[in-house]
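Visitor: No sequence on hand, only this structure:
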Ligand code: 13P
Ligand code: SF4
C-alpha cells in the first residue's frame, strides 16, 4: 500500500464504490467497445451495438447503465421500458445519428414510392419509429437479404449502405449520412499504414468509404474484429475503426499486435463518460433516458424485427 500512488488509490476507490452500488441497486453496466479503458474495466459486459442490444433485451437487472452514446441507451430503453436506463453523460451523442430526421426520411421514402427503409441503429428513436427494420454493422447484409422487396432505402450511413449494396442483389438507395471519423479514413492512410506494418492484415469497419473497404482483408463490426483477430493465424493487424478498439482487442489477444489505421479516428463523444459520471449516475439516477410511448412502440417494431432474425 505504501508505494501506491495517490491517484491510483482514488481510482480504486471509485471503481469499488461503483461496483458496490451496482450490486446493491441490481444495476448492469454495459459498455461499447470504443469506451475508455477505465470504463470498460468496470463494466459487466462490453460489446458491439448488436451484442449490447441483445443483452439489453434479456437482462434481469432493474437498472441498465449504458456507457456509450445516446442512441445506444435509447435502444436499451426501447427494448426494456420497465427498467431504469441511464446514460451517465447525456452529452454523449452520435453526429451520424443527427444526420437524419423523421420528416426528411418520410419525404424521401415517399419520393421513392414507399420502398422499405432499413435504419442503422445509429439513429434516433423517432427515426427508428418510421423505419421498417433496423440493422447494425454486424448484420446489415442479413437484414437486407431478409427484405422481400428488391429496392430499399438505407439510412443514415451512405458507406454502410454501399457496403450492403455490394454484397446483396438489392438496389439500395443511399442517405447522405456518415460517421465523421470512419468517413475520414482515406486509401492513402491505409497504404501508409500497410507500408509501416507490411506483415499486418487490414480489418475495416463498414462505416469506412468504399475505396478503403476495397483494401481490406476483412470487413467487420467492432466485436467481429476481435473475433477475426483471434481466429486468424496472423499476428499483426491494422484496424480501420475508432482507436478505442485497440484496448479490448489487445486485451483479448495479448500475444498479437494491433495498429490504428489512422490516429484521426478518435470519436470525441465515445470518450465523454468518466468514472465520476458513472458513480454520480448510479448514486443519484442522473442521466435517465426515456422515449415517449408511441414512438417507443413504433421503434420497437424495427429493433425487435432485427433482433429476431439474428
Ligand atoms: P459496432 O460496434 O456495432 O460495430 O458499432 C460501431 C459504431 O460506430 C458505434 O457507434
Ligand atoms: Fe457515431 Fe462514429 Fe462516434 Fe460511432 S464512432 S458514435 S458512428 S460518430
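Guide: Cool, the structure landed. A quick note: this is a predicted structure, and the numbers were derived from the prediction, not measured. Ligands and ions are numbered 1, 2, ... in the order given.
Visitor: quick one: contacts for the nearest residue to residue 38 once chain neighbours are set aside?
Guide: Closest residue in space to residue 38, ignoring its immediate chain neighbours: residue 275 at 5.8 Å, by Cβ to Cβ, 6 or more residues apart in numbering. For glycine as for every other residue, the C-beta is placed from the backbone atoms N, C-alpha and C. Residues in contact with residue 275 (Cβ atoms under 8 Å, 6 or more residues apart in numbering) are 11, 14, 15, 18, 38, 39, 42.
Visitor: Kindly report the same for residue 292.
Guide: Residues near residue 292 by Cβ under 8 Å, 6+ apart: none.
Visitor: Let me know the pLDDT of it.
Guide: Residue 292 carries a pLDDT value of 98.
Visitor: repeat for residue 7
Guide: Looking at residue 7, its pLDDT reads 58.
Visitor: Adjust the sequence numbering to begin at 693 for everything that follows.
Guide: All right, first residue 693 from here; so that's residue 699.
Visitor: on that earlier part again, which among the contacts of residue 967 gets closest to residue 770?
Guide: For the contacts of residue 967, the residue nearest residue 770 by Cβ to Cβ is residue 731; the value is 22.7 Å.
Visitor: now the spatially most central residue of the chain, nearest residue through space, not along the chain?
Guide: The centre of the chain sits closest to residue 741, judged by Cα atoms, centre = their mean, with a distance of 4.1 Å. Using Cβ to Cβ, 6+ apart and skipping the chain neighbours, the partner closest in space to residue 741 is residue 828 (4.4 Å).
Visitor: same thing with residue 783?
Guide: residue 964 (5.7 Å).
Visitor: Likewise for residue 850?
Guide: Nearest one to residue 850, counting by Cβ to Cβ, 6+ apart, is residue 866 at 4.5 Å.
Visitor: and the one you found, what does it touch?
Guide: With Cβ under 8 Å, 6+ apart, residue 866 has these contacts: 846, 850, 853, 854.
Visitor: Report the beta-bridge partners for it.
Guide: residue 846 (DSSP bridges).
Visitor: quick revisit: point out the least confident one among the contacts of residue 967.
Guide: Ranking the contacts of residue 967 by pLDDT, residue 703 lands last with 60.
Visitor: tell me which parts of the stretch 743-892 of the chain are close to ligand 1?
Guide: Counting by Cβ under 6 Å from any ligand atom, the residues of the stretch 743-892 of the chain close to ligand 1 are 786, 814, 828, 829, 830, 871.
Visitor: okay if I get those as CSV plus neighbour count and distance to residue 934?
Guide: Shown next, in CSV, are those (neighbours: other Cβ atoms under 10 Å; distance: Cβ to Cβ, whole Å):
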residue, neighbour count, distance to residue 934
786, 22, 11
814, 28, 12
828, 24, 15
829, 25, 12
830, 20, 15
871, 26, 8
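Visitor: mind listing what's buried in stretch 819-832?
Guide: 819-832 (16 or more other Cβ atoms under 10 Å).
Visitor: any bit of that stretch sitting next to ligand 2?
Guide: No. Judged by Cβ under 6 Å from any ligand atom, stretch 819-832 stays clear of ligand 2, getting no closer than 9.2 Å.
Visitor: where exactly do the helices run in the protein?
Guide: 698-716, 729-734, 741-750, 762-771, 794-803, 817-821, 832-838, 850-858, 879-888, 902-905, 914-923, 938-944, 967-976, 985-1000 (DSSP state H).
Visitor: for those, which one ends up most surrounded?
Guide: Comparing the helices of the chain on average neighbours per residue, with mean count of other Cβ atoms under 10 Å, the densest one is helix 762-771 at a mean of 26.
Visitor: before we move on, the earlier item: next up, the contacts around the residue nearest to the centre of the chain.
Guide: Residue 741 neighbours (Cβ under 8 Å, 6+ apart): 724, 764, 767, 813, 814, 828, 829, 830, 913.
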